[in-house]
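In: Got a sequence here, can you build the structure:
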Amino acid sequence: MRAAIRVKPGSARTAVGGRYPAPDDRAGALVVAVRAPAVDGRATMAALEAVAEALGVPGREVRLVSGATSRTKLVEVPDTCASRWAELLDA
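Out: From the prediction side, this is the model:
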């Protein structure tokens with residue numbers, strides 16, 4: 001499944017959960033706070049690792065689809081993670 005994440009680089013701690021509101025009535029993006037700075041793709045890589053850990057899947061199963069230089073990114077995760085994704089959005 002493909003879904004959006006909203007990365008918050010330079011945070012005090014790494015955390016995955018909550019909903020970043022979308023400008024329309026879509027589901028919004030999953031908030032991913034990471035300690036890594038937004039330099040040379042470090043925040044993106046840290047965010048993908050944090051999402052994989054939160055979903056309980058190997059890191060290779062979370063893939064960046066688009067948004068490498070944006071705070072809002074589109075990622076692809078296994079379809080079996082849909083219910084856990086919903087839980088994280090509502091956290």
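
In: okay, and for the protein, where does confidence drop off?
Out: Residue ranges of the chain with pLDDT under 70: 22-26.

In: Quick check: longest helix in it by residues?
Out: Using DSSP state H, we find that the single longest helix of the chain is helix 42-55.

In: Give the next helix or strand downstream of that helix.
Out: strand 63-66 (DSSP states H and E).

In: hang on, residue 40 in a helix?
Out: No: per DSSP: H, G, I helix; E, B strand; the rest coil, residue 40 lies outside any helix segment and is coil.

In: Please export the C-alpha coordinates of the longest helix of the chain as CSV.
Out: C-alpha atoms of helix 42-55 as CSV (Å, rounded to 0.1, in the frame of the first residue of the first chain):
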residue,chain,number,x,y,z
ARG,A,42,19.6,11.7,6.5
ALA,A,43,16.2,12.6,7.8
THR,A,44,14.5,10.7,5.0
MET,A,45,16.5,7.5,5.7
ALA,A,46,15.9,7.8,9.5
ALA,A,47,12.2,8.3,8.8
LEU,A,48,12.0,5.1,6.6
GLU,A,49,13.8,3.2,9.3
ALA,A,50,11.4,4.5,12.0
VAL,A,51,8.4,3.6,10.0
ALA,A,52,9.7,0.1,9.4
GLU,A,53,10.3,-0.4,13.1
ALA,A,54,6.9,1.0,14.1
LEU,A,55,5.2,-1.4,11.6
